[in-house]
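Student: no FASTA, just this:
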């Protein structure tokens with residue numbers, strides 16, 4: 001059974017905000033791709049529901065954000081890869097435009113325990 005990692009208080013994530021965190025994976029190969037960079041993730045609210053993804057574009061394994069906390073496109077509708085401009089649906093991580101169209105971001109299960117958001121570590 002996978003472990004849960006606390007990432008932030010529920011109050012730290014408000015509508016429109018993104019909270020970035022390092023994943024405490026014991027095995028770097030838990031996520032496919034280049035393992036030379038530390039594995040990070042981000043959590044945000046999709047409507048009122050916390051969502052979390054590994055911060056890694058499926059095309060080349062680069063981090064999505066172009067600045068800390070900046071993940072959305074200019075219209076604030078889609079998650080956007082800063083390197084290739086790929087667009088991902090926030091609700092399910094599906095790439096709808098760009099070089100990885102049809103691929104998906106690696107979602108992380110999220111739960112709230114006593115006011116703290118936790119993510120399940122990848123296998």
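Tutor: On my side now, so go ahead. Not measured: the values here are computed from a predicted model.
Student: Quick check: closest non-adjacent residue to residue 88.
Tutor: Using Cβ to Cβ, 6 or more residues apart in numbering and skipping the chain neighbours, the partner closest in space to residue 88 is residue 79 (4.2 Å). The way it works is simple: take the backbone N, C-alpha and C, and place the C-beta from them, glycine included.
Student: mind listing what that neighbour touches?
Tutor: Residues in contact with residue 79, defined by Cβ atoms under 8 Å, 6 or more residues apart in numbering, are 53, 64, 71-73, 87-90, 93, 105.
Student: For residue 82, give me its contacts.
Tutor: 62-66, 70.
Student: if we go to 6 Å?
Tutor: residue 66 (Cβ atoms under 6 Å, 6 or more residues apart in numbering).
Student: hang on, the earlier thing: could you dump the contacts of residue 79 into CSV with neighbour count added?
Tutor: Output for the contacts of residue 79, formatted as CSV (neighbours: other Cβ atoms under 10 Å):
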residue, neighbour count
53, 22
64, 24
71, 23
72, 18
73, 14
87, 19
88, 26
89, 15
90, 19
93, 17
105, 27
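Student: how about the nearest residue to residue 40 once chain neighbours are set aside, phi and psi?
Tutor: Once flanking residues are discounted, residue 40 sits nearest to residue 55: 4.4 Å by Cβ to Cβ, 6+ apart. Per-residue torsions, residue 55: phi -80, psi 70 (degrees, to the nearest 10).
Student: And residue 55, how close does it get to residue 38?
Tutor: Per Cβ to Cβ, to the nearest Å, residue 55 is found 10 Å from residue 38.
Student: More neighbours: which of those two?
Tutor: residue 55 (23 against 10; other Cβ atoms under 10 Å).
Student: List the residues that contact that one.
Tutor: For residue 55, the contact set (Cβ under 6 Å, 6+ apart) comprises 40-42, 63-64.
Student: closest to residue 123 among those?
Tutor: Residue 123 has its nearest neighbour among the contacts of residue 55 in residue 41, at 14.8 Å by Cβ to Cβ.
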